[in-house]
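[1] below are the sequence and a predicted model for it; my questions follow.
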Amino acid sequence: MPACHTGQINYHGQQIRIEGGAARHDIEAFQHELSKALMATATDDAKRARFARRIAATGAATGVDLAERFRCYLKAVGEDQAFLQAAQAGSAEAPTPAGFGRLDAHERGVNLFLSAPLREPKNYVPETAPVSFPALWDTPYFDWVLYNAAIRQPLPRNVIEALGVQGPIRHETIFEPRIAHNLDMDKIVAGQRALNDLKSPVWPEAILGLIDVAKANRGKDLYDRLCVRCHQLIDRLSHAPRDRSSGAAGDIIIPTFDLQSIGTDPRQAQTFERRKVTLSKIGGPAEIASYRAGELAAGKISKQWIDESPANARRAEEINFGRPHEFRALLAYRARPLNGIWATAPFLHNGSVPSLYQLLLPASQRSKVFYVGNWEFNPETVGFESDSPFEGAYKYDVSLPGNSNAGHEYGTDLSDDDRKALIEFLKTL
Ligand code: HEC
């Protein structure tokens, strides 16, 4: 699974890999360190020679001029970074640090795709709505994906992601009949194809403790009463709603709930809906919603690839399942089925609630500050240990923009006994 979607849980010295779960890395810090290391290697002859020897030993990249590659890379990255830093300096709002396991993928993606490369400060915004890397299981079968249920067809979704992480494209061709780019479409399609078979993880009783079946059954009644109308139950093996008699994979209809009714931090959906960019430098409109610009570029690139051959068209259909290409910007969040949810703390789209136990408390009783980055799991609360500070921790402060832990007050007036029974049932999903 890709970098942002491989989770891990530690328990009493045992490590559990969660394929398609939420990664716990701080990608901003990682990229910063990586750039620093590359800079050091580029500017130090001895380091560069050592690096070249190691590359040669792998048999890769023989014959390339490493010094020239470094020069190009550093020029591009250095200039983009300098531009983004200057744009941030000219902005009134401070970004909200994402910390471990989160990223403001939309704001950052647009900054990297349509602000830095165009040297267009008007297209820059500070990143203030970091979201948790979502779990990927079952997502190929969702009728819409992203927390605000914004994208319908898998291929353009993956293309826009590639562009948002600086996939190579000649921006000046976006509004021409054919877009010139160097995205590796085969890999983009193969990555998504692999997700079709990804199943949600099963609570490992041998490691995390036996499920108390009687208690979980009691929890199931509570779930049926309080949760199932929004979080439908699906069969984790067929990725289909449990009442679908054929068991065939089809769309899982993901219901959405408007921001006011759900009450969680509204920024992710709001910034997605509001953000505008100007593309006049590349022959585009003077103002267009950023998601519409993404829809246009990703749709065109996808179509170009599909039109190249019947084989491509067939492969696209293996991941698109007949869904049309469409982006939208609802002021709402979606409620996904909760199978595998036990492995994806912290909870809510912005990772603002450290455990399932806390999610089932009234918002006023949830932690206002907690510490992210410890992988040690707590099977009682179903979350990571996060109460005390430790070296290198990310201090999650719910008062920062994008970090609110309010809302989603369902099942929050249960007795403690019932709360634990409901958690026991959630562990079985
Ligand atoms: C009215 C619809 C609704 C009801 C009822 C509801 N939820 Fe939710 N739930 C949502 C929505 C919408 C979200 C996404 C909110 C967000 O991420 O900001 C969500 C998110 C969650 C999440 C976090 C998922 C994640 O990605 O981290 C969990 C866990 C959850 N719900 C559990 C429950 C449980 C347990 C119940 C029953 C006690 C319940 N929900 C009742 C709509 C609902």
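    Right, received. Where do you want to start?
[2] ok, stretch 229-240 near the ligand or not?
    Yes: judged by Cβ under 6 Å from any ligand atom, stretch 229-240 and the ligand are in contact via 229-231. The way it works is simple: take the backbone N, C-alpha and C, and place the C-beta from them, glycine included.
[3] next step: those restricted to helices.
    Nothing among these maps onto helices, per DSSP state H.
[4] out of those residues, who's the most crowded?
    Neighbour counts for the residues of stretch 229-240 next to the ligand, by other Cβ atoms under 10 Å, peak at H231, which reaches 20 neighbours.
[5] any idea how far that residue lies from V125?
    When distance is defined by Cβ to Cβ, to the nearest Å, H231 is 32 Å away from V125.
[6] now do V382
    From V382 to V125 the distance is 35 Å (Cβ to Cβ).
[7] before we move on, what about D397?
    D397 sits 21 Å away from V125, going by Cβ to Cβ.
[8] between those two, tell me which one has more neighbours.
    Neighbour count, other Cβ under 10 Å: between D397 and V125, V125 has more, with 25 against 12.
[9] separation between that one and the ligand?
    To the ligand, V125 is 21 Å away according to Cβ to the nearest ligand atom, to the nearest Å.
[10] just to check, that residue is in contact with T271?
    Yes: assessed by Cβ atoms under 8 Å, V125 is found in contact with T271 at 7.3 Å.
[11] intersection of neighbour lists for those two?
    Both V125 and T271 are contacted by E107, under the criterion Cβ atoms under 8 Å, 6 or more residues apart in numbering.
[12] give me phi/psi at the residue lying closest to I27 once chain neighbours are set aside?
    Distance criterion Cβ to Cβ, 6 or more residues apart in numbering; nearest residue to I27, sequence neighbours excluded, is L103 at 5.8 Å. Main-chain torsions, L103, degrees, to the nearest 10: phi -160, psi 140.
[13] how about the nearest residue to A269 once chain neighbours are set aside, what does it touch?
    Leaving aside its chain neighbours, A269 sits nearest to N148 (4.2 Å; criterion: Cβ to Cβ, 6+ apart). Neighbour list for N148: 256, 268-269, 272-273, 329-334 [criterion: Cβ under 8 Å, 6+ apart].
[14] now N148: how far from H349?
    Per Cβ to Cβ, N148 is found 8 Å from H349.
[15] need the residues touching each of the two.
    With Cβ under 8 Å, 6+ apart as the test, N148 and H349 both reach 268, 333.
[16] now do the same for I319: its pLDDT.
    On pLDDT, I319 comes in at 93.
[17] wait, it touches R193, no?
    Yes: with contact defined as Cβ under 8 Å, I319 counts as touching R193 (5.7 Å).
[18] compare these two (neighbour count), which wins?
    Of the pair I319 and R193, I319 is the one with more neighbours under other Cβ under 10 Å, namely 22 against 14.
[19] three-state assignment of A406?
    Counting by DSSP: H, G, I helix; E, B strand; the rest coil, the backbone at A406 sits in coil.
[20] list the contacts for it?
    Applying Cβ under 8 Å, 6+ apart to A406 gives the contacts 263-265, 363.
[21] rerun that using 7 Å as the cut-off
    263-264, 363 (Cβ atoms under 7 Å, 6 or more residues apart in numbering).
[22] most neighbours among those residues, please name it.
    Neighbour-wise, the contacts of A406 (other Cβ under 10 Å) top out at T264, 23 neighbours.
[23] quick one: neighbours of the residue nearest to that residue when sequence neighbours are not counted, just the number.
    Nearest non-adjacent residue to T264, counting by Cβ to Cβ, 6+ apart: G407, 3.8 Å away. By the other Cβ under 10 Å criterion, the neighbourhood of G407 contains 19 residues.
[24] identify the residues contacting G407.
    Applying Cβ under 7 Å, 6+ apart, the residues contacting G407 are 262-264, 363.
[25] those: which ones sit near the ligand?
    When the contacts of G407 are checked against the ligand using Cβ under 6 Å from any ligand atom, the ones in range are 262, 264.
[26] of the contacts of G407, just say which sits nearest to the ligand.
    Set against the ligand, the nearest of the contacts of G407 by Cβ to the nearest ligand atom is T264 (3.3 Å).
[27] which of the helices or strands spans that closest one?
    Counting by DSSP states H and E, no helix or strand carries T264.
[28] the most centrally placed residue in the chain and F370, how far apart?
    Centroid-nearest residue in the chain: F133, 3.3 Å away (criterion: Cα atoms, centre = their mean). F133 sits at a distance of 18 Å from F370 (criterion: Cβ to Cβ).
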